[in-house]
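[1] fold the following, please.
(chains A and B)
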Amino acid sequence: MTRISLFLLAIGIVLGSSTAAQAQDDLLSLLGEEEVTDYTTASFKTTRVVNLHSLENTHAGVLDFKINHRFGQLNQGVYDLFGLDNASIRLGLDYGITSRLQIGVGRSTYQKMLDGYLKYRILRQSTGKVNMPVSVTAVAGMYVNTLKWANPDRENYFTSRLSYAWQLLVGRKFNDWITVQLAPTLIHRNLVPVRAEKNDVYALGIGVRQRLTRRVTLNAEYTWVAPDQLNARYRDAVSVGFDIETGGHVFQLHLTNATWMTEPGFITETTGDFLDGGIHFGFNISRVFTIVKPKI
Amino acid sequence: MKKIFFLAVILGMAAPALQAQKYFTRDGKINFVASTPLETIDATSKGATAVIDASSGALEFAVLVKGFIFEKALMQEHFNENYIESEKYPKATFKGRIVESTAVNWAADGTYKVNVQGKLNIHGVEKERTIPAVITVKGGKIMASSSFDVAVADHEIKIPSVVQDKIARIAKVKVDVTLAEMKN
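    Residues are numbered from 1 along each chain as shown, chains lettered A, B, ... in the order given. The predicted structure is shown next:
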């Protein structure tokens, strides 16, 4: 009898010590794996692909000063130094109120336009506790043409100066290298130049980012405008360029057939023929400032 | 007689567990500074996990690198994307043991200067290190703190020439954790 109990004691010790030894091999496993939601970050280097809004938002508490600049068209020839004599700009300020809500204002050369927008992240791509395959962001913008009235003698309404854009950004960062997004868009213009043009214009944008190195990406975007909405002289906007990140700045250098940098501008009023030198060299410079420091 | 069998089995199994008193935390604080005169680089995580086995002096630390909060959000993004590559290497870990573990009386209040020896894994690169630490036992809790340097080159973290004057080559790391007794 005592022999059996000794035997059992021995078994008990072996069993007990073997579990203890296991635990010592991997102490942290004793705590169990705490599942967290891992949000996908840096789908794009900055909040714009080129002209289109990207899936990224300005971080909470961060102010982003954007200088967007387009030279004239390459096919203007040597007299205008291939477009470098001309310039169209938009100066903008973007601010992240929360990690999901961004607001922005801007002033463009085009139509001396003032614009303002709200950008809200509805869904964020993530893995882990919450598994979300795509990011979805909504953008709503309002645009005010502040040019002097072309016909000051007739009765002019302030509302004629206004146009609007509503946009949904749906996209996915497939891996460290490739991000693709779609941007179904509705532009509403209160006043259109001729009756044949629609007040409501439907369009679909697509934006792609291919990472080349740690600090350089290749971006391309195309905005298809559904047929029979605009004058035939208007073309779909196409842009191709590089994002170069240098610490606090992001430089975006690109070629685009669009002169204007706001949604009603580049989507409904692009005239450049990409294949015939109707291309602008342009750049966007983004400089961020931390206004509200994050809580640690 | 049956009672004796069971008692024997239970005693046998429980004996190692009684010795193996363990302490843990899930909200340890880890801070690192890699500042230069040109740029302040200072980040903190308050989500480090740690377990110390008092009986053997074995210990393990881990922290999700995405959990480090920087003052500048863009710097945080670049830290994750370009330097530490948190998608590929989500955790930084330390696994080792207290060299003078027998000198520490875990049951009574007191403060001990010890050395911790083990493997530090950052950016997927493991380095054998011996790091000084201070352990304070107070009211059944264990406070452990340590300061040490990490040379970024040791862990194959590349700093491009454009920003070489902005980032220190050696990061100063501070660990500050309070561990509570683990109840089995």
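[2] could you report the distance from residue A:151 to chain B?
    As judged by CB to the nearest CB, to the nearest Å, residue A:151 and chain B stand 47 Å apart. (Glycine included, C-beta is placed from N, CA and C.)
[3] so that residue sits in a helix?
    No: using DSSP: H, G, I helix; E, B strand; the rest coil, the assignment for residue A:151 is coil, not a helix.
[4] what's the nearest residue to the spatially most central residue of chain A if we skip its chain neighbours?
    The C-alpha lying nearest the average C-alpha coordinate of chain A belongs to residue A:54 (CA atoms, centre = their mean; 1.3 Å). Nearest non-adjacent residue to residue A:54, counting by CB to CB, 6 or more residues apart in numbering or on different chains: residue A:44, 3.9 Å away.
[5] what residues are up against that neighbour?
    A:54, A:55, A:56, A:179, A:207, A:209, A:217, A:219, A:243 (CB atoms under 8 Å, 6 or more residues apart in numbering or on different chains).
[6] count of neighbours near the third one?
    By that I understand residue A:56. Residue A:56 is flanked by 24 other residues according to other CB atoms under 10 Å in any protein chain shown.
[7] that one and residue A:49 touch, don't they?
    No: in this structure residue A:56 lies outside contact range of residue A:49 using CB atoms under 8 Å: 9.7 Å.
[8] elements contacting the helix or strand that residue B:97 is a member of?
    If you go by DSSP states H and E, residue B:97 is part of strand B:91-98. On a contact count with 3 or more CB pairs under 8 Å, 6 or more residues apart in numbering or on different chains; DSSP states H and E, strand B:91-98 meets strand B:58-64, strand B:110-122, strand B:125-138.
[9] try 6 Å this time
    strand B:58-64, strand B:110-122 (3 or more CB pairs under 6 Å, 6 or more residues apart in numbering or on different chains; DSSP states H and E).
[10] can you put those strands in TSV and add mean neighbour count and distance to residue A:144?
    Listed next are the helices and strands packed on strand B:91-98 as TSV, based on neighbours: other CB atoms under 10 Å in any protein chain shown; distance: least, CB to CB, whole Å:
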stretch	mean neighbour count	distance to residue A:144
strand B:58-64	22	46
strand B:110-122	17	52
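[11] dump those strands into TSV; add mean pLDDT as well.
    Shown next, in TSV, are the helices and strands packed on strand B:91-98 (pLDDT from 0 to 100):
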stretch	mean pLDDT
strand B:58-64	94
strand B:110-122	95
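[12] show me the strands in the chain, by range?
    If you meant another chain, say so; for now it's chain A. A:37-39, A:62-73, A:87-96, A:101-108, A:114-123, A:126-128, A:135-144, A:162-173, A:178-189, A:200-211, A:216-225, A:237-246, A:249-256, A:280-290 (DSSP state E).
[13] let's do chain B instead
    So, for chain B - with DSSP E - the strands run B:22-33, B:42-53, B:58-64, B:69-70, B:91-98, B:110-122, B:125-138, B:141-151, B:170-181.
[14] what's the last one in contact with?
    Same thing as strand B:170-181. B:23-25, B:28-34, B:50, B:141-151 (CB atoms under 6 Å, 6 or more residues apart in numbering or on different chains).
[15] out of the residues you listed, which are buried?
    B:23-25, B:28-32, B:34, B:50, B:142, B:144, B:146, B:148, B:150 (16 or more other CB atoms under 10 Å in any protein chain shown).
[16] can you name the residue of the stretch 51-200 of chain A nearest to chain B?
    Residue nearest to chain B within the stretch 51-200 of chain A (CB to the nearest CB): residue A:59, separated by 3.3 Å.
[17] quick one on the thing from earlier: distance to chain B and mean neighbour count for the strands of chain A - can I get that in a markdown table?
    Compiled in a markdown table, the strands of chain A are given as follows (distance: least, CB to the nearest CB, whole Å; neighbours: other CB atoms under 10 Å in any protein chain shown):
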| stretch | distance to chain B | mean neighbour count |
| --- | --- | --- |
| strand A:37-39 | 7 | 15 |
| strand A:62-73 | 5 | 20 |
| strand A:87-96 | 8 | 19 |
| strand A:101-108 | 12 | 18 |
| strand A:114-123 | 15 | 17 |
| strand A:126-128 | 10 | 13 |
| strand A:135-144 | 15 | 19 |
| strand A:162-173 | 10 | 20 |
| strand A:178-189 | 13 | 20 |
| strand A:200-211 | 9 | 19 |
| strand A:216-225 | 11 | 19 |
| strand A:237-246 | 6 | 20 |
| strand A:249-256 | 9 | 19 |
| strand A:280-290 | 5 | 19 |
